[in-house]
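Student: next input, structure requested:
(chains A and B)
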Amino acid sequence: GENVEQHPSTLSVQEGDSAVIKCTYSDSASNYFPWYKQELGKGPQLIIDIRSNVGEKKDQRIAVTLNKTAKHFSLHITETQPEDSAVYFCAATPLNAGNMLTFGGGTRLMVKP
Amino acid sequence: DVKVTQSSRYLVKRTGEKVFLECVQDMDHENMFWYRQDPGLGLRLIYFSYDVKMKEKGDIPEGYSVSREKKERFSLILESASTNQTSMYLCASSSTGGVQGGYTFGSGTRLTVV
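Tutor: Next comes the predicted model:
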């Protein structure tokens, strides 16, 4: 089955700096890669996703890139703000997995004011 | 606003008790999932369901069971709670035709077994 690894497990940045979280996946058949943000005391919420026919997608200060050949994808947050502090999860799903997402282990991002 | 609602935010139960965690979604989603979340271990799938009265084991089903009698409701049952089941429990749902719209998660139930 699919295996997703996520790095780093913790990331501390200064407000205004950029943050990058990286994930690798094992199943070359995976074709959908969502990212979730989990704020303290809440459930994860989808913030951005990318499909395998696209190399990059942006939404304001966040962007996701996908390298299918290397089987890795990354989340980029620019001009970080204290409210970006949260746990971020990447996920992947192969074509034959029905409706099952495989999640990475999570990254705790801390943005220092 | 679409929602996945988990009945309790915090629960404290005694060892050996039978515990029910309830999850309800209002999006007419076919698929529902139960995860537990522990520090350093990410999200681990306990059980999932693709349809009413249907259930499938996830990665860590031992000590748990589930019930899905209605499409909108998916219950997680701890048959005899133990201290190693102290955790955050997350319910999620998704549409069969739209997993590529991701899951919708509930806010979680933090369970403490003493």
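Student: give me the beta-bridge partners of whichever residue of chain B sits closest to chain A?
Tutor: Nearest residue of chain B to chain A, counting by Cβ to the nearest Cβ: B:Phe105, 3.4 Å away. C-beta here means a position set from N, CA and C on the backbone, and glycine is covered the same way. Here B:Phe105 shows beta-bridge partners B:Ala92, assigned using DSSP bridges.
Student: roughly how far does the closest residue to chain B within chain A sit from B:Lys3?
Tutor: The minimum distance from chain A to chain B, using Cβ to the nearest Cβ, falls at A:Gly43 (3.4 Å). Between A:Gly43 and B:Lys3 the distance is 11 Å, computed by Cβ to Cβ, to the nearest Å.
Student: quick one on the thing from earlier: does the residue of chain A closest to chain B touch B:Leu90 like I think?
Tutor: Yes: counting by Cβ atoms under 8 Å, A:Gly43 does reach B:Leu90; the two are 5.6 Å apart.
Student: quick one: which of these two has more around it?
Tutor: Counted by other Cβ atoms under 10 Å in any protein chain shown, A:Gly43 and B:Leu90 do not tie: B:Leu90 has more neighbours, with 24 against 21.
Student: before we move on, the earlier item: what do A:Gly43 and B:Leu90 both touch?
Tutor: Overlap of the contact sets of A:Gly43 and B:Leu90 (by Cβ atoms under 8 Å, 6 or more residues apart in numbering or on different chains) consists of B:Phe105, B:Gly106, B:Gly108.
Student: so which of these wins on neighbours?
Tutor: Highest neighbour count within the shared contacts of A:Gly43 and B:Leu90: B:Gly106, with 25 neighbours (other Cβ under 10 Å).
Student: that one contacts B:Cys23, correct?
Tutor: Yes: contact criterion Cβ under 8 Å: B:Gly106 and B:Cys23 qualify, at 5.9 Å.
Student: got the contact list for the closest residue to B:Val4 other than its chain neighbours?
Tutor: Excluding the flanking residues, the one nearest B:Val4 by Cβ to Cβ, 6 or more residues apart in numbering or on different chains is B:Gly106, at 4.0 Å. By Cβ under 8 Å, 6+ apart, B:Gly106 lies in contact with A:Gly43, B:Val4, B:Thr5, B:Gln6, B:Cys23, B:Leu90, B:Cys91, B:Ala92.
Student: number of residues surrounding the last one?
Tutor: Residues contacting B:Ala92 under the criterion other Cβ under 10 Å number 26.
Student: now do the fourth one
Tutor: Residue crowding around B:Gln6 was assessed by other Cβ under 10 Å; the count is 19.
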